[in-house]
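Trainee: Here is a sequence with its predicted model. Questions after.
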Amino acid sequence: QVELTESAGGLVQPGGSLTLSCGASGLPFNVYVMGWFRQVPGEERTFVASIRWTGGNTYYADSVKGRFTISRDNAKNTAYLQMNSLKPEDTAVYYCTATRVFGATYPTSYEYWGRGTQVTVSS
């Protein structure tokens, strides 16, 4: 059984930083592309970032490019999303996800999902 488990999010002030982690079990982690999506109530789930199994290739949504960094540690079966210079519009539920397709930006391209973690950016 595949499980993706995100770390707790939280409340962050604008301009602050937060790092999310995602632990994976039950899948060949070093084969899968790991990704992050986010969702605001009433809106569709949107792509944030993804990283290839080697860790050498990353892909970001324009809205987070230069502020967010995705990384992975295959030895620990864990992916990370470092978020800097956070803005109120980054407030969302963040989901960890896995796919075999690098560069995919639609949720339907991803096979496995975590339950999500709330990130709130507010003063």
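Mentor: Looks like it came in fine.

Trainee: okay, now Thr120: neighbour count?
Mentor: As a burial measure, Thr120 scores 15 neighbours (other Cβ atoms under 10 Å). Heads up, the C-betas are built off the backbone N, CA and C, glycines and all.

Trainee: Touching, it and Pro14? I think so.
Mentor: No. The criterion here is Cβ atoms under 8 Å, and Thr120 misses it with Pro14 at 10.8 Å.

Trainee: Isn't Leu68 up against Tyr59?
Mentor: No Leu there; residue 68 is Phe. No. Taking Cβ under 8 Å as the definition, Phe68 is not a contact partner of Tyr59, at 11.3 Å.

Trainee: Looking at these two, which one has more neighbours?
Mentor: Taking other Cβ under 10 Å, Phe68 and Tyr59 do not tie; Phe68 has more neighbours (21 against 18).

Trainee: who are the neighbours in contact with the more buried one?
Mentor: Val48, Ala49, Tyr60, Leu81, Gln82, Met83, Asn84 (Cβ atoms under 8 Å, 6 or more residues apart in numbering).

Trainee: thinking again about what came up before, spit out the residues that contact Phe68 and Tyr59 alike.
Mentor: With Cβ under 8 Å, 6+ apart as the test, Phe68 and Tyr59 both reach Ala49.

Trainee: Sketch out the strands for this protein, chain order is fine.
Mentor: 3-6, 10-12, 18-25, 33-39, 46-51, 58-60, 68-73, 78-83, 92-99, 112-113, 117-121 (DSSP state E).

Trainee: Give the partner strands of the second one in its sheet and their orientations.
Mentor: Neighbouring strands of strand 10-12 in its sheet, by DSSP bridges, are strand 117-121 (parallel).

Trainee: Identify the residue nearest Gly116 in space, chain neighbours excluded?
Mentor: Val93 (4.3 Å; Cβ to Cβ, 6 or more residues apart in numbering).

Trainee: Could you pull up the contacting residues of that neighbour?
Mentor: Applying Cβ under 8 Å, 6+ apart to Val93 gives the contacts Arg38, Gln39, Val40, Gly116, Thr117, Gln118, Val119.
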